[in-house]
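Asker: when you get a sec, could you give me coordinates for this:
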Amino acid sequence: MTALIEAVRNGAVGDELLTYEVPETYRAVYLKKEDERIFAGETDKDVTRTLHVGEVPTPELAPDEVLVAVMASAVNYNTVWSAMYEPISTFRFLKQFGRQGGWARRHDRDYHVVGSDAAGVVVRVGSAVRHWSPGDKVIVTAPYIDEQDPIAQQDGMLAADQRAWGFETNFGAFGDFAVARATQLVPKPPHLSWEEAACNTLCLGTAYRMLIGRHGAQIKMGDIVLVWGAAGGLGSYAVQLVRQAGGIAVGVVGSDAKGDLMDKLGCHLVVNRNDVELADDTEGSGRAVSWKALGSVIRKELGEDPHVVFEHVGRSTFDTSVNVVRRGGCVVTCGSSSGYDHRYDNRYLWMKLKRVIGSHGASYQESWEANRLLTLGLVVPTLSRVFDLTETPQATRSVQLNEHEGKVGILGLATQEGQGIDDPVLRAQVGEERLRLFRDHAATGPKAPGGHL
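Answerer: This is a model prediction of the structure:
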């Protein structure tokens, strides 16, 4: 353990951190370029085979960057894509980025440190950084935006060179240190532990933009919102946002256990997809019986069709989403984990004046607004399991196999769960039962290999 890491763990702040040298290498979880073809011809693309734990060189900071000592991080599905080298190898992203020259050239390596959610302590700042200092406790948001693109002044997500940190850039969250732009940082909510703080930003920010922000569905009081994968990372934040906005959340889940969790989270109506025969439509065949059955359940319980469908599953659900949303309603989509090639009957879209809204990540302002809700205790973390950094391959595999609920966390420099809480009064006001809902629910079920409960 280096002196800088020990100082961070002991709570050193400000100029004191500058007295300790940054190590030349650091421990990280990374992919190897040489593994790009490792899954050729295979069906089960087990990500534990491609995620490696070891030492990597510490990169030099650009003027607009910060070096963060990572206390905790969290797994997102983009790490699964990276580790499977699908739909394309992320080394292509790094090579493309490196062609810009200058500081971007550092990202084009034969290794890729992945991970897009992190919480930690700033230990160094670049010469152009004004609003952050060593010792600041921060969360790193995923959007990596070219703020010099003029359109970024309107909406950072429209910038032509917008990237996902730790997915389309190097030096991401899964390491003892991470390199991020200053415009990726938001303050850590003081009532949360490191692992609780680290699990929110990518999914919460994405859900906020999709449902609340002016570029998304802009839901209002009374709107019925159908949320696919309600017990997952994105869906569990969507349910909370719908409730806080005065909407009516309809969550689709894949098991009774997940349905029970959504009841406790406050979902107004929970639908087990198996009860309405919503099997994955991977061929895009458009089973009318399936979407009509889902629509019938919603109308029976609520008397109306959904105003909005929160869509991120993709090919296996998109046809149903377009069909089940009401006349004049909208489907807002941010991803396609089951496949990108969507098929649906377009007549149901144009003849019933429905809309599809594409959404991606969250602008810096949207990230601040979403983080404010977290800081106020209006939204709570959906952390269900926590692994050590050395167990990141197993943690990512659990996400790949959809064995998780909510978010899966990774302990970095934090030595155990529960560290980093600076405001126990606010924490007591929010309530341990709410803050630990997903973890306590996971503890009642079968314990998966590895991790902490």
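
Asker: going forward, measure contacts and count neighbours with C-alpha atoms only.
Answerer: OK.

Asker: what is the burial count for residue 234?
Answerer: 28 (other CA atoms under 10 Å).

Asker: how about residue 162?
Answerer: 18.

Asker: how near is it to residue 150?
Answerer: Distance, residue 162 to residue 150, by CA to CA, to the nearest Å: 13 Å.

Asker: remind me which residues of this structure are low pLDDT?
Answerer: Low-confidence segments of the chain, defined by pLDDT under 70: 278-289, 445-453.

Asker: ok, longest strand in it?
Answerer: In terms of residue count, the longest strand belonging to the chain (DSSP state E) is strand 65-75.

Asker: residues in contact with the residue lying closest to residue 337 once chain neighbours are set aside?
Answerer: Nearest non-adjacent residue to residue 337, counting by CA to CA, 6 or more residues apart in numbering: residue 313, 5.1 Å away. Residue 313 makes contacts with 228-229, 335-339, as judged by CA atoms under 8 Å, 6 or more residues apart in numbering.

Asker: which of those residues lies closest to residue 187?
Answerer: Minimum distance to residue 187 across those is 27.2 Å, recorded for residue 335 (CA to CA).

Asker: my read is that the closest one contacts residue 317, right?
Answerer: No. Using CA atoms under 8 Å, residue 335 is not in contact with residue 317, being 11.4 Å away.

Asker: residues shared between the contacts of these two?
Answerer: With CA under 8 Å, 6+ apart, residue 335 and residue 317 have common neighbours residue 311.

Asker: hang on, the earlier thing: please settle this for me: is the residue nearest to residue 337 part of a helix?
Answerer: No. Read with DSSP: H, G, I helix; E, B strand; the rest coil, residue 313 is coil and lies in no helix.

Asker: can you list phi and psi of it for me?
Answerer: Main-chain torsions, residue 313, degrees, to the nearest 10: phi -80, psi -40.

Asker: tell me how far it lies from residue 376.
Answerer: Residue 313 is 30 Å from residue 376, by CA to CA.

Asker: can you give me the first-to-last residue distance of stretch 390-406?
Answerer: 21 Å.

Asker: same thing with stretch 96-116?
Answerer: For stretch 96-116, the first-to-last residue distance is 19 Å (CA to CA).

Asker: now swap in stretch 49-62 and tell me
Answerer: End-to-end span of stretch 49-62 (CA to CA): 33 Å.

Asker: what does stretch 225-234 give?
Answerer: End-to-end distance (CA to CA), stretch 225-234: 14 Å.

Asker: what does stretch 229-237 give?
Answerer: Across stretch 229-237, first to last residue, CA to CA, it's 11 Å.

Asker: what of stretch 75-91?
Answerer: End-to-end for stretch 75-91, by CA to CA: 19 Å.

Asker: stretch 109-120 now?
Answerer: Span of stretch 109-120 from end to end, CA to CA: 25 Å.

Asker: list the buried residues in it.
Answerer: 111-120 (16 or more other CA atoms under 10 Å).

Asker: quick one: buried residues of stretch 183-191?
Answerer: For stretch 183-191, using 16+ other CA under 10 Å, the buried residues are 183-191.

Asker: for it, output the C-alpha coordinates as PDB.
Answerer: The C-alpha trace of stretch 183-191 is given here as PDB (Å, rounded to 0.1, in the frame of the first residue of the first chain):
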ATOM      1  CA  THR A 183     -16.900  18.400 -15.500                       C
ATOM      2  CA  GLN A 184     -17.700  14.800 -14.600                       C
ATOM      3  CA  LEU A 185     -17.700  15.400 -10.800                       C
ATOM      4  CA  VAL A 186     -20.600  16.000  -8.500                       C
ATOM      5  CA  PRO A 187     -20.400  16.200  -4.600                       C
ATOM      6  CA  LYS A 188     -20.800  13.000  -2.700                       C
ATOM      7  CA  PRO A 189     -24.100  13.000  -0.600                       C
ATOM      8  CA  PRO A 190     -22.800  13.200   3.000                       C
ATOM      9  CA  HIS A 191     -25.300  10.700   4.400                       C
END
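
Asker: distance from that stretch to the middle of the chain?
Answerer: Distance, stretch centre to chain centre, for stretch 183-191: 15 Å (CA atoms, centre = their mean, to the nearest Å).

Asker: how about residues contacting that stretch?
Answerer: Contacting residues not belonging to stretch 183-191 are listed as 119, 136-144, 197, 364, 367-368, 371, 374-375, 420-427 [CA under 8 Å, 6+ apart].

Asker: from residue 406, how far out is residue 221?
Answerer: The value you get for residue 221 to residue 406, if CA to CA is used, is 25 Å.

Asker: re earlier: dump the contacts of residue 313 to TSV, plus distance to residue 396.
Answerer: Converted to TSV, those look like this (distance: CA to CA, whole Å):
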residue	distance to residue 396
228	21
229	18
335	18
336	18
337	15
338	17
339	19
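
Asker: and these, which are buried?
Answerer: Buried members of the contacts of residue 313, counted by 16+ other CA under 10 Å: 228-229, 335-336, 338.

Asker: now, which of these lie within strands?
Answerer: Per DSSP E, the buried ones among the contacts of residue 313 never map to strands.

Asker: export those residues as JSON lines, with columns for distance to residue 201.
Answerer: Shown next, in JSON lines, are the buried ones among the contacts of residue 313 (distance: CA to CA, whole Å):
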{"residue": "228", "distance to residue 201": "19"}
{"residue": "229", "distance to residue 201": "18"}
{"residue": "335", "distance to residue 201": "16"}
{"residue": "336", "distance to residue 201": "19"}
{"residue": "338", "distance to residue 201": "23"}
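
Asker: quick revisit: who has more neighbours out of residue 221 and residue 406?
Answerer: A count of neighbours by other CA under 10 Å puts residue 406 above the other of residue 221 and residue 406, at 28 against 12.
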